[in-house]
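**Student:** any chance you can model this:
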Amino acid sequence: MPGSPHIVSDVMTHTVVSVGRDAAFKDIVELMRQWNVGSLPVLEGEGRVVGVVSEADLLPKEEFRDSDPGQVPLDRLSDVAKAGAVTAGELMTAPALTVHADATLAQAARTMALRKVKRLPVVDRLGILQGVISRSDLLKVFLRPDAELAAEVNRTVLTPLFPDRAVTASVQNGVVTLCGPMHDRNLVPVATRLAHAVEGVVDVRLDLTAPPPSR
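**Tutor:** All right, here's what the predicted structure looks like:
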């Protein structure tokens, strides 16, 4: 993975299984099983995302199978309605929660965390499906080789801060160690923060008494 992937298009999955509004309940379940996914974008027209149908949208059919509608809490009435749905258009959550391909990975991660979803359809400015990004896609950045991370931290963080190369970085298992004499202690939090910001860095540690590794 060359360089730091800062945006969704760097890590998203381009091959996406989707359904139309008229897709039947059982077909949706079968597609989820076949592709091992928990949600499917619902498309219309030329591929515009109009909703998402997820496992959570399907489960009310089982949950409320034997329930008395008169005993259902008011805040679950929408789930009761989904229990009687038979097509994607009736089941889906709309409007769809989506993300653009040029969004940062941090933005995508925050959206997933705040909205408690595992996957997001990736759309262009017209809402046309471009791909999908999942939690596992976001974790791809942590597969970057240690040598690649060290090279980037040294090039983009330490060289501008320490042109004399008194401080350099080594990386093991994604953990960056900054080594060398850092005479201006005001630069310690700056260097640490910038190193943390490099995609794929797991943690940053300091060993400012040790000499920098030889080049």
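**Student:** now V175: how far from G200?
**Tutor:** Computed as Cβ to Cβ, to the nearest Å, the V175 to G200 distance reads 11 Å. Every residue, glycine included, has its C-beta placed from N, CA and C.
**Student:** looking at these two, which one has more neighbours?
**Tutor:** G200 (21 against 14; other Cβ atoms under 10 Å).
**Student:** so what's that one up against?
**Tutor:** Residues in contact with G200 (Cβ atoms under 8 Å, 6 or more residues apart in numbering) are S4, V141, F142, L143, R144, E148, L149, G174.
**Student:** of those residues, the lowest pLDDT goes to which?
**Tutor:** Of all those, S4 carries the smallest pLDDT score, 56.
**Student:** quick check: the gap between A96 and P160.
**Tutor:** 41 Å.
**Student:** those two: which is more packed in?
**Tutor:** Neighbours were counted for A96 and for P160 using other Cβ under 10 Å; A96 has more, 21 against 10.
**Student:** residues touching the more buried one, list them.
**Tutor:** P41, V42, V49, V50, G51, V52, P121.
**Student:** tell me the secondary structure for it?
**Tutor:** At A96 the chain is in coil, as set by DSSP: H, G, I helix; E, B strand; the rest coil.
**Student:** end to end, how far does stretch 122-129 reach?
**Tutor:** Length of stretch 122-129, first residue to last, Cα to Cα, to the nearest Å: 6 Å.
**Student:** so which bits of it are buried?
**Tutor:** V122, V123, G127, L129 (16 or more other Cβ atoms under 10 Å).
**Student:** distance to R115, secondary structure and pLDDT added to the residues you listed, as JSON lines?
**Tutor:** Putting the buried residues of stretch 122-129 into JSON lines (distance: Cβ to Cβ, whole Å; DSSP: H, G, I helix; E, B strand; the rest coil; pLDDT from 0 to 100) gives the following:
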{"residue": "V122", "distance to R115": "15", "secondary structure": "strand", "pLDDT": "98"}
{"residue": "V123", "distance to R115": "16", "secondary structure": "strand", "pLDDT": "97"}
{"residue": "G127", "distance to R115": "18", "secondary structure": "coil", "pLDDT": "95"}
{"residue": "L129", "distance to R115": "18", "secondary structure": "strand", "pLDDT": "98"}
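**Student:** nearest to A24, of these?
**Tutor:** Among these, L129 lies closest to A24 (Cβ to Cβ), at 20.5 Å.
**Student:** may I ask which helix or strand of the chain has the lowest mean pLDDT?
**Tutor:** Least confident helix or strand of the chain, by mean pLDDT, DSSP states H and E, is helix 77-83 with a mean of 67.
**Student:** next SSE after that one?
**Tutor:** Per DSSP states H and E, helix 77-83 leads on to helix 88-91 as the next helix or strand towards the C-terminus.
**Student:** chain center to that next one: distance?
**Tutor:** 25 Å (Cα atoms, centre = their mean, to the nearest Å).
**Student:** now stretch 174-186
**Tutor:** So, by Cα atoms, centre = their mean, the centroid of stretch 174-186 is 30 Å from its chain's centroid.
**Student:** and for it, what's in contact with it?
**Tutor:** 142, 144, 146, 149-150, 153, 158, 162, 166-171, 188, 191-192, 195, 198, 200-213.
**Student:** alpha carbons only: can I get that stretch in CSV?
**Tutor:** Provided in CSV are the C-alpha atoms of stretch 174-186 (Å, rounded to 0.1, in the frame of the first residue of the first chain):
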residue,chain,number,x,y,z
GLY,A,174,3.4,-0.7,14.0
VAL,A,175,4.8,1.0,17.1
VAL,A,176,7.0,4.0,16.4
THR,A,177,9.9,4.8,18.6
LEU,A,178,11.5,8.2,18.3
CYS,A,179,15.2,8.1,19.1
GLY,A,180,17.8,10.7,19.6
PRO,A,181,18.5,14.0,21.5
MET,A,182,15.5,16.3,21.3
HIS,A,183,16.9,19.4,22.7
ASP,A,184,13.8,21.5,22.2
ARG,A,185,11.3,19.8,24.5
ASN,A,186,8.5,21.8,23.1
